[in-house]
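Student: the following comprises the amino acid sequence and a computationally predicted model.
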Amino acid sequence: MRHKKGNKKLNKPTDQRLALLKSLVLSLFTYNRIKTTDTRAKEARRMAEKLITLGKSGTLHSRREALKIMPQKDVVKDLFDNISKRYEKRDD
């Protein structure tokens, strides 16, 4: 069943919420830490884990899927080259 698979609204319109989450994940991948509320961090973690899973596969298709979510090429390159290597031994 797929109950409760949606996302938290965070009291923001959709475009603002996505921009907030993308900026949090960008900061997480750039500086390896973020300072935010627990609810926002949990939602950012969902997006970050999806990107890390894409980075672990390493295919061209997964790189393009990651660029759809996070359009900064230098961050996606770092994600696929360095960050995903840290999590290779973890399960998906």
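Tutor: Arrived safely. Numbers count the residues shown, from 1 in each chain.
Student: for the protein, longest helix please?
Tutor: helix 38-57 (DSSP state H).
Student: list the buried residues for whichever helix or strand comes after that one?
Tutor: As assigned by DSSP states H and E, the chain's next helix or strand after helix 38-57 is helix 60-69. Of the residues in helix 60-69, Ser62, Arg63, Ala66 count as buried by neighbour count, 16 or more other CB atoms under 10 Å. C-beta coordinates here come from the backbone N, C-alpha and C atoms, glycine included.
Student: following helix 60-69, which helix or strand comes up?
Tutor: Taking DSSP H and E, what comes next after helix 60-69 is helix 73-78.
Student: and that following helix, how far from the chain's centre?
Tutor: The chain centroid and the centroid of helix 73-78 are separated by 12 Å, computed with CA atoms, centre = their mean, to the nearest Å.
Student: check stretch 39-52 too.
Tutor: Taking the mean of its C-alpha atoms, stretch 39-52 sits 5 Å from the chain's own mean (CA atoms, centre = their mean).
Student: report the mean confidence score over that stretch.
Tutor: On average, the pLDDT along stretch 39-52 is 96.
Student: list the buried residues in it.
Tutor: Buried residues in stretch 39-52 (16+ other CB under 10 Å): Arg40, Glu43, Ala44, Met47, Ala48, Leu51, Ile52.
Student: can you show me the CA trace of stretch 14-32 as PDB?
Tutor: Extracted in PDB, the C-alpha atoms of stretch 14-32 (Å, rounded to 0.1, in the frame of the first residue of the first chain):
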ATOM      1  CA  THR A  14       4.700  24.100  -4.100                       C
ATOM      2  CA  ASP A  15       7.200  26.200  -5.900                       C
ATOM      3  CA  GLN A  16       8.600  27.800  -2.700                       C
ATOM      4  CA  ARG A  17       8.700  24.400  -1.000                       C
ATOM      5  CA  LEU A  18      10.700  22.800  -3.800                       C
ATOM      6  CA  ALA A  19      13.100  25.700  -4.000                       C
ATOM      7  CA  LEU A  20      13.600  25.400  -0.200                       C
ATOM      8  CA  LEU A  21      14.300  21.700  -0.300                       C
ATOM      9  CA  LYS A  22      16.600  22.100  -3.300                       C
ATOM     10  CA  SER A  23      18.600  24.800  -1.500                       C
ATOM     11  CA  LEU A  24      18.800  22.700   1.600                       C
ATOM     12  CA  VAL A  25      20.100  19.700  -0.300                       C
ATOM     13  CA  LEU A  26      22.500  21.900  -2.200                       C
ATOM     14  CA  SER A  27      23.900  23.200   1.100                       C
ATOM     15  CA  LEU A  28      24.100  19.700   2.500                       C
ATOM     16  CA  PHE A  29      26.100  18.400  -0.500                       C
ATOM     17  CA  THR A  30      28.300  21.500  -0.600                       C
ATOM     18  CA  TYR A  31      29.100  22.000   3.100                       C
ATOM     19  CA  ASN A  32      28.200  18.600   4.500                       C
END
